[in-house]
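Asker: Have a look at this prediction, sequence included:
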Amino acid sequence: MASEPLLLPARHPVAGTPISLTSYDEVLALLDDRPRDRALRLAFCNVHSVMTARKDPALAAALSAVDVATPDGMPLVWSLRRAVRPDQQRVYGPDLMAAALRHGVARGWRHYLYGATDETLTRLRAAALDMAPGVRLVGWHAPPFRALTPVEEERVLGDIRTSGADLVWVGLGMPKQELWMDRVHARLPGVALLGVGAAFDLLSGTVPQAPDWIQDRGLEWLYRLAREPRRLGPRYLSTNPAFLVLAAREALRRPRPPGA
């Protein structure tokens, strides 16, 4: 791990949240080269997270403070392509997690899973071992669906430190995971905290993933809405139209970058 200052990817605002102009390879290189004296924080941003941040100052501050905020959703990718980087790719939490599990085998990375339920974590551990034979899973914890007491939280952090984890995958859902990482990062030096949200459910098979062709067209939200209309309907019907209006305004205010 590096002792010199870490060179982080540039960021560009999308709907008010600074999003990183990055790639899978660059994120994996940052994980390889993470600092010893502090935690490295990564968030994976989509329309829901950037629109929620507009109304939630604590979330907005947490997303601005992370080291990397990847364009996890295709609408953010399209916004970045239109504004600053025509070849910007998606950096999707589940795919990055799968890549990092495999990438870390030869490097001896130790992984800790924090979030979801005991059933999902059991399935996720089996899936991780299947997709990355030899992967080192050194701990996991499914917290209760309530705020932890200070004693409970310190117990979790103590378990993470004792495990010797290099990467902590945080699947608490947005905005809970981003706020948790913001709160605890100073107590986990040398660790990479990655708030990957639904990756736990998707990689474990608890929730089916949309086919690639649906994801590539930015229609994953519609696929998920069809499966969970009651839970996701209010979210998508409020955030998606508002984001489209903001994105259109931003596009009209600036010229296309060269090559777009």
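Answerer: That came through, no problem.
Asker: For the closest residue to D159 other than its chain neighbours, grab the count of nearby residues.
Answerer: Leaving out its chain neighbours, the residue that sits closest to D159 by Cβ to Cβ, 6 or more residues apart in numbering is G139, at 6.0 Å. All C-beta atoms are positioned from the backbone trio N, CA, C, and that covers glycine. When neighbours are defined as other Cβ atoms under 10 Å, G139 has 17 of them.
Asker: what sits up against the helix or strand bottoming out on mean pLDDT in the chain?
Answerer: When each helix and strand of the chain is scored by mean pLDDT, DSSP states H and E, helix 220-227 comes last, with a mean of 73. Residues outside helix 220-227 that contact it (Cβ atoms under 8 Å, 6 or more residues apart in numbering): 47, 73-74, 207-208, 210-211, 214, 232-233, 236, 240.
Asker: ok so, going back, might you report the residue contacts of the residue nearest to D159?
Answerer: Contacts of G139 (Cβ under 8 Å, 6+ apart): 112-113, 159-160, 163, 165.
Asker: Show me what the mean pLDDT comes to for the helix or strand hosting it.
Answerer: Assessed by DSSP states H and E, G139 sits inside strand 136-141. Strand 136-141 shows a mean pLDDT of 98.
Asker: What is the distance between it and the centre of its chain?
Answerer: 19 Å (Cα atoms, centre = their mean, to the nearest Å).
Asker: tell me which residues of that strand are tucked away?
Answerer: Neighbour counts over strand 136-141 (16 or more other Cβ atoms under 10 Å) mark 136-141 as buried.
Asker: would you list these in JSON lines and tack on distance to F200?
Answerer: Below are the buried residues of strand 136-141 laid out as JSON lines (distance: Cβ to Cβ, whole Å):
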{"residue": "R136", "distance to F200": "18"}
{"residue": "L137", "distance to F200": "13"}
{"residue": "V138", "distance to F200": "17"}
{"residue": "G139", "distance to F200": "15"}
{"residue": "W140", "distance to F200": "10"}
{"residue": "H141", "distance to F200": "12"}
